[in-house]
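**Q** here's my sequence, what's the structure:
(chains A and B)
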Amino acid sequence: MAWRRLALVFGIGAPLVAVLAFGFTRDPREIPSPLIGRPAPPFAVRLTDGRELSLADLRGKVVFLNFWASWCPPCRAEARLLEASWREHRDGDVVFLGINMQDREPDAREFLREFGITYPNGLDLNNRIAIDYGVWGIPETFFLDRTGRITYKHIGALGPEIIHAKLEEARRGIASPREGKGEYRSIQ
Amino acid sequence: MTATIGFWSLVLALGLALAGLLAPAARRHWPGSPLTVAAVSIGGQFVLITVAGLALLRALVAGDFSLRYVAFNSSLRTPLYYRLTGLWAALEGSLLLWEWILVAFAGLALWQYRERHRELIPWVTTVFSGVSAFFLGVLAFAASPFERLWPVPLDGRGLNPLLEEADMFTHPPLLYAGFVALTVPYAFAIAALITGRVDDPWVTTTRRWTLSAWLFLTLGNLFGGWWSYHVLGWGGYWAWDPVENAAFLPWLPATAFLHSIQIQERRGMLKVWNLSLVIVAFALTIFGTFLTRSGVLSSVHAFSSGPVGGLFLGFLALVLLGSFSLVALRADRLRSQPELDSVVSRESAFLLANVVLAAATFTVLLGTIFPLVAEAVTGVKLSVGAPYFSRVTVPLFLAMLLLMGAGPLIAWRKASLDNLRRNFLGPAAAALLAAGVLAGVGVRQPWPLLALALSAFVVATMVLDTARAVAARRAIAGERAPAALLGLLRRNPRRYGGFVVHLGVVLVVIGIAGSMNYSQEHAATLAAGERLSLGRFTLRFEGLRTTEQPTHRRVEAAFRVFNDQHDTGVLAPALKFFPTQQSPIGRAVLRMGWGEDLYVILSGLSPVQSRQATVKVMVRPLVSWIWVGGAVMVAGTLLAAWPWNPRRREA
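**A** Okay, here's the model as predicted:
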């Protein structure tokens, strides 16, 4: 009789402890984006050269959409690489678009000048676009295929191989199963 | 030097705690010695931990940044009082404070019960020593507040800006005291199970410790809500955040225990149940610490996480599985003697209340850990928010309210129809009348209407019962009403103190029902001179003002408040810009009133036009009654615990 009760105690207690232990293998702050595989939220944005650009105008092209701010160290870390990748891909059917968020306009312009960025950049001064895309840590980059569907999302600084591989996937319309994370660690 | 003193004090205390584990063995060799072992072990630990605690406090006050803990939780700019609160500003110091309170309570309890529970003392010492040894081991080797930092920085990082609030003096220490006090009944429960002296009256004598724990937990949670309401700037006092739940969870079984223990005292029933409640309450304090410190769930208290999660989980597993295994092995001796006589009786009302509280404990626990369960089973990430908790707990709490009215008046053993009619016809009529009046003035939503009607029912039962008892005393002793009331309280402090606590709960319910269902809010961006209106209030933006504080820059937006065109002064919500933080921290302001609070939060300053401010204004009805109700609950608890009759003190 006592053994049966003991079995009951362990039958309830052990799984409870196991579930809690499972928590150690997970990072609760990591929330996978539900946007991958879905149509990208539409927006129109004012570019730094004063033009107005709508996402719908880019239909038919692969879009590399990068959210950044001038004060963010990993954004600085990846800036030169993004520009280099853009120069490599610009003649194809790929469009790079930077979205500046949570920033001051003069600082943003200074950043673009400093890194010699030549691809278009929009100013999302009230963070509307960033909210639509669920951006919570910058830089965050979205890859869109020709139909305007998000195929991949990357949090943190990008490396050249990933840019290349994910642009190729977007070109073929292959959506990644989950978002990726940069290995950049900011040094304070 | 401080590091050395602190570390070795902890190690020596750990040695004494391990020695204290052997208290029961000592008895076999020298009769009468367990008390000496307890005195040396626990007393010695208290002295050593006091040395360690004072060493850490000295380092915090003096700004000794050679200690990592001091460098991370204090700075040269930190005012003295926040250097003191630095003792519990992060994991390591909090554990030290916990341990300090633990040995103090353990010593007090052992001294208090040295004669009365002589047979249990050795094992009680063992349990205290075991718990203390766990905390000391963590403190000495896993999360030491005395870890050195090299090179020694010139200045520290400072207290976490979120913690720079007056409530830092109340909310954390009170919660810790509540958590720790639950160790006392737990230690006696385990001692009784091990020795097999399950009929020992420990469970009734340690009731006071559970009551103290309950009082501390109530206060700790209320101050936490107050802090959240005044500081976090979202206008709420409770968010069902995992760590809030962790503080609330032990309160539920403690509440259940304080009620079901009355049945054991009177009828000798529910022994296993009461033991289980004591164990569950203690296990939930360890569970709460695990949740808070492990970071396995996302929470507003995320700053407090650290590397000790695994250790606490192991300890939790030991406590849960070990304690309930003991219950399983001893359950045969714990058979309750009498059975329930009738479904309609005070026993069954109390039992039902216990079932409801247990259900509440389970649903809150389930909601808290459900994200983990879901991810473990299906791999899906999800979060469980306030809607779940409101939906499942509101009906349970309303059931509690009903039982709160019924329980104290229904007869023991078996209530006759006459008893029911005599006690409940009036209150039921009062509840219906209240519901009718409330519906008449516009309260039409079912849940708040039900909550308020049941509140009226509870108050009516208490008024009816007290009025009858006062009338009886006046008739018999010829006393005047106030004297009769005081006499009742002195003769039966638990009953009438309990009534006062229940009245406090009703007030809290009124506050929650009002603020949850009838709040209004409005947000706008204003330039100087512009106005915003909400309800009876109109706010005129007067402009921004920047001041330099010791640790941060503070930008205040002044709003002149008009209440029905009457100028009622200025409210100035602020944003605090800390150099160490990317985003500013808000400081809401509010004008409290009996009917409603006006709550103003500065949510942003326009970077383009620096003379603009974005502000959110809320009118939250009846929130003040939550704090008033809390104070009444505390007063009731003190009345119930007050030693009115010194000779019958332990009864």
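**Q** tell me who's in contact with B:Arg494.
**A** B:Ala640 (CB atoms under 8 Å, 6 or more residues apart in numbering or on different chains). Where C-beta positions appear, they are placed from N, C-alpha and C, glycine not excepted.
**Q** helix, strand or coil for it?
**A** For B:Arg494, the secondary-structure state derived from DSSP: H, G, I helix; E, B strand; the rest coil is helix.
**Q** now B:Val561
**A** strand.
**Q** tally of neighbours for it?
**A** For B:Val561, the neighbour count with other CB atoms under 10 Å in any protein chain shown is 19.
**Q** and if you look at B:Phe424?
**A** Summarising burial for B:Phe424: neighbours were counted as other CB under 10 Å, giving 20.
**Q** look at it and report its pLDDT.
**A** As summarised for this prediction, B:Phe424 has a pLDDT of 89.
**Q** following the host helix or strand of it, which helix or strand shows up next?
**A** Assigned by DSSP states H and E, B:Phe424 belongs to helix B:417-440. Per DSSP H and E, the first helix or strand lying C-terminal to helix B:417-440 is helix B:446-477.
**Q** buried sites along that next one?
**A** Judged by neighbour count (16 or more other CB atoms under 10 Å in any protein chain shown), helix B:446-477 contains these buried residues: B:448-462, B:464-466, B:469-470, B:473.
**Q** what's the answer for stretch B:113-128, then?
**A** Under the neighbour-count criterion of 16+ other CB under 10 Å, stretch B:113-128 has B:Tyr113, B:His117, B:Glu119, B:Leu120, B:Ile121, B:Pro122, B:Trp123, B:Val124, B:Thr125, B:Thr126, B:Val127, B:Phe128 buried.
**Q** ok, these vs chain A, which is closest?
**A** When the buried residues of stretch B:113-128 are compared for distance to chain A (CB to the nearest CB), B:Val127 wins out at 18.5 Å.
**Q** pretty sure the closest one is touching B:Ile190, no?
**A** Yes: counting by CB atoms under 8 Å, B:Val127 does reach B:Ile190; the two are 4.9 Å apart.
**Q** follow-up on the earlier one: now the two most distant members of the buried residues of stretch B:113-128.
**A** By the measure CB to CB, B:Glu119 and B:Phe128 form the most distant pair in the buried residues of stretch B:113-128, at 16.1 Å.
**Q** re earlier: the buried residues of helix B:446-477 also near chain A: which ones?
**A** Among these, no residue sits close to chain A (CB under 8 Å from any CB of the partner chain).
**Q** chain A contacts on chain B?
**A** Contacts of chain B with chain A, taken as CB under 8 Å from any CB, map to B:290, B:294-298, B:309-310, B:313, B:316-317, B:320-321, B:324-325, B:327-329, B:331-332, B:369, B:371-373, B:375-376, B:381, B:607.
**Q** and these, which are buried?
**A** Neighbour counting with 16+ other CB under 10 Å marks B:290, B:294-297, B:309, B:313, B:316-317, B:320-321, B:324-325, B:327-329, B:331, B:369, B:371-372, B:375-376 as buried within the residues of chain B next to chain A.
**Q** let's see which of those end up in helices.
**A** Members of those lying in helices (criterion: DSSP state H): B:290, B:294, B:309, B:313, B:316-317, B:320-321, B:324-325, B:327-329, B:369, B:371-372, B:375-376.
**Q** could you count how many residues lie near residue 90?
**A** Defaulting to chain A. By other CB under 10 Å, 12 other residues sit near A:Arg90.
**Q** you answered for a different chain; I wanted chain B.
**A** Using other CB under 10 Å, B:Ala90 is surrounded by 21 other residues.
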